[in-house]
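Engineer: Everything below, folded, please.
(2 chains)
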Amino acid sequence: MSEALSQVPLTSYLLVGLILFSVGLYGALTKRNAVIVLLSIELMLNAVNINLVAFAKHGLYPGITGQIFSLFTITIAAAEVAVGVAILMALYRNRGTVQVDKMDLMKR
Amino acid sequence: MDQMVENAWLIPLFPLAAFVIMVAFGRQLKTTAAYIGILATLASFVLALFTFLERFQEGAETFYQPVHWFSIAGFDVTMGYEVTQLNALMLVIVSLVSMLVHIYSLGYMHGDDRLPVFYQYLALFTFSMLGLVISPNLLQLYIFWELVGVCSFLLVGFYFYKPEARAAAKKAFIVTRIGDVGLFIAIILLFWWTGSFVYNDIFNAVENGVLEPWQITLAAILIFIGAVGKSGQFPLHTWLPDAMEGPTPVSALIHAATMVAAGVYLVAATFDLFAASPTALNVVAYIGGFTAIFAASIGLTQRDIKRVLAYSTVSQLGYMMLALGAAGLIGYAAGIFHLMTHAFFKALLFLAAGSVIHAAHTQNIFEMGGMWKNMKVTGWLFLIGCLAIAGIPPFSGFWSKEEILLSVYHAGRMDLFWIAVLAAFFTAFYMFRLFFVTFTGESNLNHKPEESPVVMTLPMIVLGVLAVVAGFINTPWNPVLGEWLTYGMEGELHVEAPAWISVVTVLFSLAGIGLAWMMYNKKSLSRDWLSGRVPALYQLSYNKYYIDELYDTVFVRPLRGIGIIVNWIDDYVVDGAVRLTGRITDSVAGLGARMQNGQIQTYGLVTVVGLVLLIVGLTVAGGYYK
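Structural biologist: Next comes the predicted model:
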C-alpha cells in the first residue's frame, strides 16, 4: 500500500490539493449559509494538509516535520470550528439567521 | 533736577498704559475708563509742558536718543525719540487738546454704554499721535502714522450701526491710504539712497549733495502726497467732511486739531528736504493755496454744522501748507504758528458745535436758530472761535493768519497772496453765516435747548482763553515763537511789509462778517441774492464741485467693475478648478465607499483577486528575487 502510494508523483498530490483549495475558496466566497462557509474553510485547510504531507515525503528535504505540522493544523482547525460554530450560534440567537450576506455590520 | 527731555519718552506711554488697562478691564469699567484716560493725558500734558518750557528757556540743541532696534543687511535700524523745537510744541498741543477732549467726552458721551470703548480708542489715538510726533526716524513715524489712521477709522465708525458712519470710516481709511502709499515709497527710496531712516542722516545727505536734485524733488513730493492724504488736501480731501459721522469730540481731536495736522507736521519735520527743492515747495504751496480757496468756497453753502467746520479745517490746513511751501523760513514759522492757533480755535469750534448738537439733536443749522438765548456760554465761546478763525484782532487767528499773509507777500508770491486773502474773506463769511443762523433769529427747534454741563463747558472755556491769547506769543514786532522754532536754522525771519496788508486783510474779513450779518441776521439782503441769480455756482458749491461723483465715475465704478470681473474669475475659474478637484476626489471616494459594503465575501474576493494579480505580476516579471 505504502509502496504503491509512494509511486504517485508529487504533482498529483499538489493537483489534488489545488483542486480542494479552489473548491474551498469558491465555497467560502460564494455560499450564503455560514455553516457551508465554515465547511469550505475546512476544505481549504485540508488542502494545505495534503500539501504538507506530500512535501514531507517528496519534498527537497523529506522528513517528519510536515506530518507533525499537519497534525497541528488539524487540531487548530477543530478548535477554530468550535469557536466559529459558537459564534454562529450566538449570531443566530441574536439575529435569527446564519446567512453571511445579512451580516454586514462592518459597513458601519 | 535732571533735564526734562530725558523723560520725554514717557509722554506717549501714559496713554498707552491707560489703553492697556482699559482693554484689560473692558466694559465693566464704565465711567472709570474716562477718569483713567483723563489722568493719563493729564500726566502726558504735564510732562510735555515741562519739556516745552525747559526748551523754551534754554533753546537747546535737538535731543536725540536712539536705541538699537534691528540690523538688516548690514544696516542698523534704530528706534528712539527726539525732542526738537517743533515736536516739543506739538507734544504740548496734542496732549493738551487730547486731555480737554477726554474731559469733554465725559459729558458728551454720557449714557453711551460703549463709553469705555470710546475711551480706549481715544487713549490709543493719543498714544499714536504723541508717538508720531516724538519719532526721530521715518520708519517709526510711519508705524505711528498708520496707527493714527486706524484710530481714525475706529472712531469715525464708532456708531457702526449707522450705514453712513460705516461708509465714512471706510472712506477715511482708504482715501488716506492712497496718500500713505506715497509716503511709504518715499521712505523706501530715501532708505535706498541714503541708507538711513533717521531725519538727521537724510538731511545731512541732502546737504552734502549725496542726493541728486531730482531725487530730492521726487522724495519730497512723495512725502507730500502722504501729507495730502492725512491733511485732507485737494485732491484727497473728500474723506475729511465725511469723517464728521464720528462723535463730535473725535472730530475736534482728530479731524481738526491733531491728526489732520500730522500732514503739516510731516512737511515741517522734513522741511530741510523740501527746502532743497524749489519744485517740491511750489507743489506744496500751490496745492495748499488751491485747497484753501477751494474748500472755503464749498464751506459757503453747506448746511451741516460739522461739515462747514470740516471744510474750514481743510481750508485752514491748505493755508498752513501754503505758508510752508511759499515763504521759506518765515513761512515755516508762520505755518507752525497757524497750526498751533488753529488747533486751539478749531477744537473750540468743534466742541462748541458738539455742545450745540448735544442740545439741539440735529446738525442742520437751518433747523436750529436762536440758540443764543438758552446757550450763553456756548454761544460766547463759539463767537470767540469764529472771530479767531476769521482773523479779527486781537484773537489768535489774526496773528497767525497775518503772519502767513505777510510772509507770502514778503516772498513776492502775489498770486498766492490774493488767493489767501480771498480765502480769508470766504472763511469770515461762512463762519459767521454759521454763527448767525445757529445762534440768532427765531428758534426752529420744537424743544428748548439746554446749556451743556460744566464738564463740557470747562474744556471749551480753556480753549476759548487760548484762542484769545495764544496769538500774542508771536506778534510781528516780537516773534518769540518764530525765533524759537527756527533756532539754528538759516534764513531771515524778520519781515518788512507795508502796513496796508493788515488793514486790507482785516477789512476783507470784516466784509465777510458784514455780508453774513446782512444776509442771515438783519436779512436786509435776501439770502439768495447771489445763488438765485447764478444757481449754477450755488449748485456747484453745494454739491462740493461734484468731486465725489467724479471720483465715483472715474475710479470707484471702473474699479468695482474690475472687481466684479475678478470676482467672477475667482468664483468660476479658480474656485471652479478647486471644486473640480474636490468633486473628482469625492467621486473616487464614493466608488471606494461602495466597495465598503460589509459583505465579508466581497472583501475576500477582492483580496484573492489582488493576490492573484500580485502573483501573476511577479510571474511575468520573473520573480521578486531576480
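
Engineer: Which secondary structure elements does the helix ranked longest in chain A sit against?
Structural biologist: For chain A, the helix with the greatest residue count under DSSP state H is helix A:65-95. Here helix A:65-95 touches helix A:34-58, going by 3 or more C-beta pairs under 8 Å, 6 or more residues apart in numbering or on different chains; DSSP states H and E. Every C-beta, even on glycine, is put in place using the N, C-alpha and C of the backbone.

Engineer: what's in contact with the helix it packs on?
Structural biologist: Contact with helix A:34-58 is made by A:6, A:9-10, A:13-14, A:16-21, A:23-28, A:31, A:62-67, A:69-70, A:73-74, A:77, A:80-81, A:84-85, A:88, A:91, A:98-100, A:103, B:601, as judged by C-beta atoms under 8 Å, 6 or more residues apart in numbering or on different chains.

Engineer: tell me which residues of that helix are tucked away?
Structural biologist: A:34, A:37-38, A:40-58 (16 or more other C-beta atoms under 10 Å in any protein chain shown).

Engineer: And B:Tyr64, its phi and psi?
Structural biologist: Dihedral pair for B:Tyr64: phi -130, psi 120, per degrees, to the nearest 10.

Engineer: ok, for it, nearest residue in space, not its chain neighbours?
Structural biologist: Leaving aside its chain neighbours, B:Tyr64 sits nearest to B:Glu82 (4.3 Å; criterion: C-beta to C-beta, 6 or more residues apart in numbering or on different chains).

Engineer: pretty sure the one you found is touching B:Arg55, no?
Structural biologist: No: with contacts counted by C-beta atoms under 8 Å, B:Glu82 stays clear of B:Arg55, the gap being 11.8 Å.

Engineer: helix or strand right after the worst-scoring helix or strand of chain A on mean pLDDT?
Structural biologist: Lowest mean confidence among the helices and strands of chain A (mean pLDDT, DSSP states H and E): helix A:2-7, at a mean of 68. Remark: after helix A:2-7, the chain's next helix or strand is helix A:10-30, criterion DSSP states H and E.

Engineer: Double-check B:Ala353 against B:Ala310; I have them as touching.
Structural biologist: No: at 10.3 Å, B:Ala353 does not count as touching B:Ala310 under the criterion of C-beta under 8 Å.

Engineer: what separates stretch B:251-258 from the chain centre, distance-wise?
Structural biologist: How far stretch B:251-258 lies from its chain's middle: 7 Å, per C-alpha atoms, centre = their mean, to the nearest Å.

Engineer: what's the residue sitting nearest the centre point of chain B sitting at in phi/psi?
Structural biologist: Note on chain B: the residue nearest the mean C-alpha position is B:Val260, at 2.7 Å, using C-alpha atoms, centre = their mean. Backbone torsions of B:Val260, given as degrees, to the nearest 10, read phi -70, psi -20.

Engineer: Report pLDDT for it.
Structural biologist: With respect to pLDDT, B:Val260 scores 87.

Engineer: now swap in B:Val228 and tell me
Structural biologist: 91.

Engineer: so it sits in a helix?
Structural biologist: Yes: counting by DSSP: H, G, I helix; E, B strand; the rest coil, B:Val228 is located in a helix.

Engineer: And what about B:Met259, helix, strand or coil?
Structural biologist: Applying three-state DSSP: B:Met259 is coil.

Engineer: wait, doesn't it sit right on B:Ala227?
Structural biologist: No: B:Met259 lies out of contact with B:Ala227 (C-beta under 8 Å); the separation is 11.9 Å.

Engineer: B:Asp304 contacts B:Gln363, doesn't it?
Structural biologist: Yes: if you go by C-beta under 8 Å, B:Asp304 and B:Gln363 touch, sitting 4.9 Å apart.

Engineer: Which pLDDT value belongs to the residue in the stretch 301-450 of chain B that chain A sits nearest to?
Structural biologist: In the stretch 301-450 of chain B, the residue that lies nearest chain A is B:His361 (66.8 Å; C-beta to the nearest C-beta). Note on B:His361: pLDDT of 82.
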